[in-house]
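[1] Need coordinates for the below:
(one chain, ligands or ions: 2)
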Amino acid sequence: MSDGYVWFEGIPFPSMGYKPEVLREARESFALKDEDVLILTYPKSGTNWLIEIVCLVYSKGDPKWIQSVPILKRSPWVEVEYGYNLLKDKEGPRLITSHLPIQLIPKSLFNSKAKVIYLIRNPRDVLTSGYFFFGASAFAKKPQSMEEYFGWFIKGNVPYGSWFDHTRGWMSIRGKENFLILSYEELKRDTRSIVEMISQFLGKKLEPEELNSVLKNSSFQVMKENNMSNFSLLRGQFLDKNGILLRKGITGDWKNHFTVAQAEAFDRIFQEKMADLPRELFPWE
Ligand SMILES: Nc1ncnc2c1ncn2[C@@H]1O[C@H](COP(=O)(O)O)[C@@H](OP(=O)(O)O)[C@H]1O
Ligand SMILES: CCc1ccc(OS(=O)(=O)O)cc1
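    Ligands and ions are numbered 1, 2, ... in the order given. Model prediction:
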């Protein structure tokens with residue numbers, strides 16, 4: 001289909017960097033190891049923030065790694081051709097990123113003890129973040145207006161498909177021992193406690209000064225200025241010159257962009273699609 005997406009198993013993927021044969025091979029043949037860590041999100045949920053934190057936890061707060069190696073190499077996306085090729089022959093414990101829905105994740109995950117960190121975000125802010133990001137990127141179809149993107153998002157006609165289906169899929173395995181669920185909202189509200197929770201989950205105890213360094217070096221402002229982490233290396237090919245990853249970094253920005261009618265429609269749809277899941281899984285207003 002030439003509608004700006006690469007389609008695989010009914011899910012639209014960005015048109016650059018993705019191939020059905022890589023997506024198939026990743027699902028069927030990619031072998032997760034018990035010592036791997038998988039960072040799992042729906043796009044625009046704070047993926048790169050979580051990667052930065054995990055990298056800094058692994059380096060005990062030392063910023064040398066995050067300042068010298070591009071984020072896409074530190075924790076490659078398993079479903080992207082570039083990331084898949086980096087990961088498949090890599091020795092030792094790997095940091096792996098994915099936005100895949102549960103039905104497309106490498107099957108080996110379910111027979112491994114790999115640790116999974118799943119980060120969710122208020123879908124209204126995910127939508128808003130995606131509107132600005134995809135509007136200035138060559139990854140996927142560019143929306144002409146918020147109204148247009150709102151319609152696409154509700155229908156799941158955006159990169160990686162429906163937020164509602166994606167979230168329901170991953171939430172179905174909540175409670176598994178190697179599966180940590182976090183939210184962008186809690187991470188913003190109490191970054192220190194959540195980073196401590198992450199380091200404990202990964203079995204990497206941090207000294208107080210190491211923790212302080214993780215917090216400082218993964219802060220919005222420091223990440224925004226770090227060319228290894230801010231996607232500036234993607235400008236020209238994947239991102240327009242005004243394309244920006246670290247845009248506002250706040251919760252509730254959707255209130256500045258949704259009309260009253262959109263906010264009400266979103267509430268109705270959220271209710272319809274997610275009401276049977278426990279409310280505490282979604283810790284936003
Ligand atoms: N250190 C940080 N602190 C807070 N938010 C961050 C952050 N790094 C990235 N983000 C936010 O995460 C979103 C991008 O998500 P992803 O990494 O999944 O693509 C952007 O949201 P906004 O567009 O709302 O600002 C970006 O600003
Ligand atoms: C090429 C790495 C990459 C970057 C961003 C991606 O997803 S999205 O833009 O957040 O949908 C996917 C892969």
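[2] which SS state does the closest residue to ligand 2 within the chain fall under?
    Nearest residue of the chain to ligand 2: Pro43, at 3.4 Å (C-beta to the nearest ligand atom). (Each C-beta comes from the backbone N, C-alpha and C, glycine too.) Secondary structure for Pro43, judged by DSSP: H, G, I helix; E, B strand; the rest coil, is coil.
[3] does it really touch His166, like I thought?
    No. Pro43 lies out of contact with His166 (C-beta atoms under 8 Å); the separation is 9.3 Å.
[4] who touches both of the two?
    Tyr160 (C-beta atoms under 8 Å, 6 or more residues apart in numbering).
[5] So for the two, which sits in the more crowded spot?
    Set side by side, Pro43 and His166 show more neighbours around His166, with 25 against 19, by other C-beta atoms under 10 Å.
[6] so Asn230 is in which element?
    If you go by DSSP states H and E, Asn230 is not part of any helix or strand.
[7] which stretches of this structure aren't confidently modelled?
    For the chain, residues meeting the criterion pLDDT under 70 lie at 1-2.
[8] how about the helices of the stretch 151-285 of the chain, start to end?
    With DSSP state H, counting those that start in this stretch as the criterion, the stretch 151-285 of the chain has helices at 163-171, 184-189, 191-201, 208-217, 220-225, 260-274.
[9] and the fourth one, what does it pack onto?
    For helix 208-217, the packing partners by 3 or more C-beta pairs under 8 Å, 6 or more residues apart in numbering; DSSP states H and E come out as helix 47-58, helix 191-201.
[10] chain center to it, what's the gap?
    Between the centre of helix 208-217 and the centre of its chain there are 22 Å (C-alpha atoms, centre = their mean, to the nearest Å).
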